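Engineer: need the 3D shape of this:
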Amino acid sequence: MSASSLNGPTNGDVRRPALLIALHWVTLVVILLAVGLVFYRETVDDKAQRILLIALHKSFGLSVAVLAVARLSVRLFRRPLPPAADMSPLSRFAAEAAHVGLYVLLLALPLIGWGLSSANGKPVSFFGLVSLPPLVEPDEDLGDTFAEYHEAAAWLLLGLVGVHAAAALFHHFVRRDRVLRAMLPAWLDARR
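Structural biologist: The predicted structure is shown next:
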């Protein structure tokens, strides 16, 4: 391993586009809100509050899909993004596979949730501004299946986000390269 791979990338001070950085962190916050609302809902007994919390969960979930589409658009428009650090082919493949998995889940999870609501005969709106049409006809068995897929996909997304964060911290504290700093907002990256 060369000294340059320990101290940072050989291709210079690589930063991701500011819009991509902003979308990345907003997506994280929205995911945390969607998940937090579901967990909080489990502690609430009042039916009206539970209905409001699940409506907000659905809206934030749909926001995740919108943000994912925006992120993909920025990535495609700014292609190719230069690597933020020197990595082995296996490490680069693992990073790309994790990113693909994250994007698939960011898009699929809200769609599965929308299908779940539709199968259960529940309306879906985007923060009360737009009512979305049902994806499927009401079907209790299909609703149960969607519920299982939605929960499994949510745990998978949270696990993959955890691995993604751990990899960024590994790059920052162990490899001491710029992978994490390339995605930090400029105001947080004091050592620019």
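Engineer: Ser131 should be in a helix, yeah?
Structural biologist: No - read with DSSP: H, G, I helix; E, B strand; the rest coil, Ser131 is strand and lies in no helix.
Engineer: skip the chain neighbours and tell me the closest residue to Pro82.
Structural biologist: The shortest distance from Pro82 to any non-neighbouring residue, by CB to CB, 6 or more residues apart in numbering, is to Val14 (5.3 Å). All C-beta atoms are positioned from the backbone trio N, CA, C, and that covers glycine.
Engineer: can you classify the one you found by secondary structure?
Structural biologist: Val14 ends up coil, using three-state DSSP.
Engineer: do you know how far it is from Leu53?
Structural biologist: Distance, Val14 to Leu53, using CB to CB, to the nearest Å: 41 Å.
Engineer: and if you look at Val35?
Structural biologist: From Val35 to Leu53 the distance is 12 Å (CB to CB).
Engineer: the two: who's more crowded?
Structural biologist: Taking other CB atoms under 10 Å, Val35 and Leu53 do not tie; Leu53 has more neighbours (20 against 17).
Engineer: you'd agree that one is up against Leu37?
Structural biologist: Yes - in this structure Leu53 lies within contact range of Leu37 using CB atoms under 8 Å: 5.2 Å.
Engineer: need the next SSE after the worst-scoring helix or strand of the chain on mean pLDDT, C-terminal direction.
Structural biologist: Least confident helix or strand, the chain: helix 3-7 with a mean of 36, by mean pLDDT, DSSP states H and E. Sequence-wise, the next helix or strand downstream of helix 3-7 (DSSP states H and E) is helix 18-41.
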